[in-house]
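**Student:** curious how this folds, go ahead:
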Amino acid sequence: MGELVGRVVSEELGVPMGSVDLSLAPSPKVGDSVAEILEVMGISRVGGHGSLAALALIMDAVKKGGSMATNLVGGLSSAFIPVSEDSIMALRMKEGHLELNDILAMSAVCNSGIDMVGVPKSEGEEKITALILDVLSLGLILNKILGVRVIPLDGKPGEEIDLGGLLGKVVIAKMKEVDSSQFTSRTGFIPTPVKRLELG
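**Tutor:** Next up, the predicted model:
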C-alpha cells in the first residue's frame with residue numbers, strides 16, 4: 001500500500017519514486033504510541049522487564065512485513081522511541097517505570113538513542129556528555145546510527161514541561177548520582193571497535 005501511494009504521489013509531482021520508510025514513529029496523540037503497543041503485548045508498564053524483548057519483536061515484524069509489502073524499502077524502517085513524542089512513554093517516565101538506562105537498552109534494538117528526554121541543567125555538562133558518550137558507544141559497537149536529543153531544563157526529575165504540538169510533554173529524567181567528570185575531561189576519541197576475534 002505504501003509503495004502504491006508513493007507511486008501515485010511521484011506521478012502527480014512528476015518526480016521519480018524513491019523509497020518507502022515503514023518506521024513506527026509515535027506522536028502525543030492518543031492511540032499513536034509505540035509504548036502502548038508494548039503494553040498491549042503484555043508488559044504492564046513500559047520500562048518493566050520484557051520491554052526490550054517486546055520492542056525487538058515489533059522491530060522484526062516491521063522489517064519483515066515491510067520487505068514483503070514493497071520492493072522499495074528505505075529509510076530506517078523500524079520503530080522510534082522519542083519519550084516526549086509518545087504520550088504513554090512520557091507518562092511511564094513520569095511515574096518512574098521508565099529510566100534513562102531502560103531507554104539506552106531499548107536503543108539497541110530500535111532506531112533512536114536517548115531521544116526527546118529532559119535532563120536537569122543542574123546536573124552539569126560533564127554528566128550530560130557522559131550520557132551522550134554512552135549512546136555513541138552503543139552505536140559504534142552495534143554498527144548502527146543512533147541519535148541523541150536531550151533537552152537541558154530547569155527543574156527536578158519527574159517534572160513535566162509541555163513543548164506543545166507534536167513535541168509533546170518533556171519529562172525531566174533522573175540521572176545517576178555518579179561523577180563522570182574525570183572520564184569526560186580526558187582527551188582523545190572512541191575508536192572503531194574490533195567486532196570479533198576468532199581463533200582456529
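
**Student:** point out where the protein drops to low pLDDT.
**Tutor:** 2, 69, 75-77 (pLDDT under 70).

**Student:** mind listing the strands for it?
**Tutor:** Here the chain has its strands, by DSSP state E, at 115-120, 149-153, 160-162, 169-171.

**Student:** any chance of those in TSV, plus mean neighbour count?
**Tutor:** (C-beta placed from N, C-alpha, C; glycine too.) TSV is the format used below for these (neighbours: other C-beta atoms under 10 Å):
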stretch	mean neighbour count
strand 115-120	23
strand 149-153	16
strand 160-162	14
strand 169-171	23
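
**Student:** tabulate these (CSV), appending distance to Met106.
**Tutor:** Shown next, in CSV, are the strands of the chain (distance: least, C-beta to C-beta, whole Å):
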stretch, distance to Met106
strand 115-120, 10
strand 149-153, 15
strand 160-162, 21
strand 169-171, 16
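
**Student:** just list whatever residues bridge to Pro152.
**Tutor:** Beta bridges link Pro152 to Val119 when assigned by DSSP bridges.

**Student:** need the contact list for it.
**Tutor:** By C-beta atoms under 8 Å, 6 or more residues apart in numbering, Pro152 lies in contact with Gly118, Val119, Pro120, Lys121, Ile128.

**Student:** and Ile128, by the same measure?
**Tutor:** Each residue near Ile128 by C-beta under 8 Å, 6+ apart is listed here: Val119, Val150, Pro152.

**Student:** report how many residues lie close to the nearest residue to Leu166 once chain neighbours are set aside.
**Tutor:** Among residues not flanking Leu166 along the chain, Ser27 sits closest, at 5.4 Å (C-beta to C-beta, 6 or more residues apart in numbering). Using other C-beta atoms under 10 Å, Ser27 is surrounded by 16 other residues.

**Student:** lovely, talk soon.
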